[in-house]
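>>> only geometry, no sequence info:
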């Protein structure tokens, strides 16, 4: 597969729930080898977009193509081998160890698949080996989020072709160190040829890790392009409705959001 | 790091060890239940029944082969079927209070049986009309639930549970009407039936139930890994490659087959479908490749013991087995719950 053919494409996605239009003509492409961040205010339609992109919701209009084939044409197992998704609402089972939870990432690969070594290797990479035999119900929120990420990565590892990784706020519960660890791993997967899409809220992490950014607002794609172009204080201030400025420290820059002037 | 891996395998092998222990206990329970009863049969005589039947009095042979053994086996199969259905339904709904009765099959079966008693049809077709009516009643209830739930395809499990509650309430009303209008004799039969009994056990019933247990068990077993994945939530399971709607349908069909057949031959027996799977989880952890066989063994043993109590405690009279399932299983379950960490390291 050449690097300039998108792995996952959405064209003109329209999605409504009841009478409310949640997505209104959104188009974007996840390219192999790229980390695409989707940002935007709460309620912009980011999670719904992820559900449509992953084939869980059917779009009212528009289409989603995964590796050149309409995503609705895939069986769930076949789809899972090409596209792994980490959701926000990820229930934590009890009576299942961390290792067993990560092994379930290989569910779609059939009974002959050797899930255990892959799961162990993934836990080692994520510094989770010490938790391997811990019951999932006894993990902290952050630990569980890292386990869920490990399961998502294991789902597409060891494959011959490049896959797509869709992550919904993967670092929302993590401390700064593990935010960097997880997003660094996601970027490494992108550099290895996979297409990565992550919904993020932290603007600095977005600016640091994303190759490209899609800015979603009120169900529409406001703008998209290279991270350096989109992550501009003027654009972000307008979209988020609060003042976002840039501070510089030596060669580095950081985005800071300032509270609105208090009223009364 | 390596130590952690070893811990994990130790932890799992302990669960496997417990499953083997249950499997070893099971024949002992069967043996004990076969020996005890209105006519006690010693262990040596149990052996002679197979090895040297001529040494055993005719009457004891008849009691053992025609009454005792089929009854013990039917109790084991009924307990296994109820527990298996419970394990499937609880895994599907991710709800510890889910009971196979939730999908309406028990109440539907009860209505079928009660209608039979109401019109005095229970003896028709050589006594087979009663189980048939119960089975069909159970299936009609599940079918109605499926129709209102768009073929169990959409709406998620929360709606399905609520629909099940509503359906159970409606069936309960219909049941109440027949109980209220029934003659005293019919009422007595109905009450006894709804408390459950393995007294009707004969070899044909055992064979039919074994067939249903095999089919239902196979349907659940092939979905064991999917049930594991469903513990992350239905959407996440779909992303892992589970065909959620197909799995949901297969689990419900399996539960309806298992509970429908068990109820048809033994009446409504509560508690086992709810509690045996939990016992299995507490002892073996949450993976369904352990929970399903564990529930089979625990459910079977619980009902064999409950039935043993039903036919011996008030002998020569007979208690309803439904009265005893909770009496025998309840304390064991409370003991399991009390222990701080039954399975995990």
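Right, received. Where do you want to start? For clarity, every value in this text was computed on a predicted model and none was experimentally measured. Numbers count the residues shown, from 1 in each chain, chains lettered A, B, ... in the order given.
>>> could you pull out the helices for the stretch 51-200 of chain A?
Using DSSP state H, counting those that start in this stretch, the helices of the stretch 51-200 of chain A run over A:76-82, A:98-103, A:115-125, A:141-156, A:176-191.
>>> Which strands and helices lie in contact with the fourth one?
Taking 3 or more C-beta pairs under 8 Å, 6 or more residues apart in numbering or on different chains; DSSP states H and E as contact, the helices and strands that helix A:141-156 lies on are helix A:76-82, strand A:83-86, helix A:98-103, helix A:115-125, strand A:164-168, helix A:176-191. C-beta: built from backbone N, CA, C; applies to glycine.
>>> residues in the stretch 1-150 of chain A within reach of chain B, list them.
Selection of the stretch 1-150 of chain A residues close to chain B by C-beta under 8 Å from any C-beta of the partner chain yields A:51, A:54, A:56, A:75-81, A:84-85, A:87, A:89-91, A:93-97, A:99-101, A:104-105, A:107-108, A:120, A:124, A:129-135, A:138.
>>> Buried subset of those, written for ChimeraX?
A single ChimeraX command suffices to select whichever of the residues of the stretch 1-150 of chain A next to chain B are buried according to 16 or more other C-beta atoms under 10 Å in any protein chain shown:
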select /A:51,54,56,76,79,80,81,84,85,87,90,91,93,95,96,97,99,100,101,104,105,107,108,120,129,131,132,133,134,135
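>>> low-confidence ranges in the chain?
Assuming you mean chain A. By pLDDT under 70, the low-scoring segments of chain A are A:1-3, A:260-264.
>>> you looked at the wrong chain, it should be chain B
B:1-11, B:151, B:154-156, B:339-345.
>>> show me what contacts the closest residue to chain A within it?
Using C-beta to the nearest C-beta, the single residue of chain B nearest to chain A is residue B:286, 2.5 Å away. Residue B:286 makes contact with A:93-96, B:228, B:231, according to C-beta atoms under 8 Å, 6 or more residues apart in numbering or on different chains.
>>> Not counting its neighbours along the chain, what's nearest it?
Closest residue to residue B:286 apart from its sequence neighbours, by C-beta to C-beta, 6 or more residues apart in numbering or on different chains: residue A:95 at 2.5 Å.
>>> Report the separation between that neighbour and residue A:213.
Distance of residue A:95 to residue A:213, computed by C-beta to C-beta, to the nearest Å: 41 Å.
>>> Equivalent analysis for residue B:213, please.
In this view, residue B:213 and residue A:213 are 57 Å apart by C-beta to C-beta.
>>> got it, and residue B:331?
61 Å.
>>> Which one's more surrounded, the two?
residue A:213 (24 against 10; other C-beta atoms under 10 Å in any protein chain shown).
>>> and the more buried one, bridged to which residues?
Beta bridges link residue A:213 to residue A:37, residue A:225 when assigned by DSSP bridges.
>>> List the contacts of it.
Residues near residue A:213 by C-beta under 8 Å, 6+ apart: A:36-39, A:206, A:224-227, A:230-231.
>>> And the residues you listed, which of them are buried?
Buried subset of those (neighbour count, 16+ other C-beta under 10 Å): A:36-39, A:206, A:224, A:227, A:230-231.
>>> still on that earlier bit, which of the helices of the stretch 51-200 of chain A has the highest mean neighbour count?
Neighbour counts (mean count of other C-beta atoms under 10 Å in any protein chain shown) averaged over each of the helices of the stretch 51-200 of chain A peak at helix A:98-103, with a mean of 26.
>>> Beta-bridge partners for the residue nearest the centre of chain A, please?
Centroid-nearest residue in chain A: residue A:167, 2.0 Å away (criterion: C-alpha atoms, centre = their mean). Under DSSP bridges, the beta-bridge partners of residue A:167 are residue A:86, residue A:198.
>>> Can you tell me how far it is from residue B:82?
According to C-beta to C-beta, residue A:167 and residue B:82 sit 42 Å apart.
>>> Tell me who's in contact with whatever residue of the stretch 101-250 of chain A ends up closest to chain B.
Closest to chain B within the stretch 101-250 of chain A is residue A:108: 2.9 Å, counting by C-beta to the nearest C-beta. Contacts for residue A:108 (C-beta under 8 Å, 6+ apart) come out as A:76-78, A:80-81, A:155, B:240-241.
>>> need those residues in JSON lines with distance to residue B:169, can you?
What follows is these, written out as JSON lines (distance: C-beta to C-beta, whole Å):
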{"residue": "A:76", "distance to residue B:169": "35"}
{"residue": "A:77", "distance to residue B:169": "39"}
{"residue": "A:78", "distance to residue B:169": "42"}
{"residue": "A:80", "distance to residue B:169": "39"}
{"residue": "A:81", "distance to residue B:169": "44"}
{"residue": "A:155", "distance to residue B:169": "42"}
{"residue": "B:240", "distance to residue B:169": "36"}
{"residue": "B:241", "distance to residue B:169": "37"}
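>>> Between those, which sits nearest residue B:315?
Among the contacts of residue A:108, residue B:240 lies closest to residue B:315 (C-beta to C-beta), at 53.8 Å.
>>> residues near that closest one, how many?
26.
>>> Strands along the stretch 151-300 of chain B, start to end?
Using DSSP state E, counting those that start in this stretch, the stretch 151-300 of chain B contains no strands.
>>> So which residues on it come close to chain A?
So far as C-beta under 8 Å from any C-beta goes, the stretch 151-300 of chain B lies against chain A at B:225-226, B:228-229, B:231-233, B:235-236, B:238-244, B:281, B:285-287.
>>> how does it look with 7 Å?
B:225, B:228-229, B:231-233, B:235-236, B:238-243, B:281, B:285-287 (C-beta under 7 Å from any C-beta of the partner chain).
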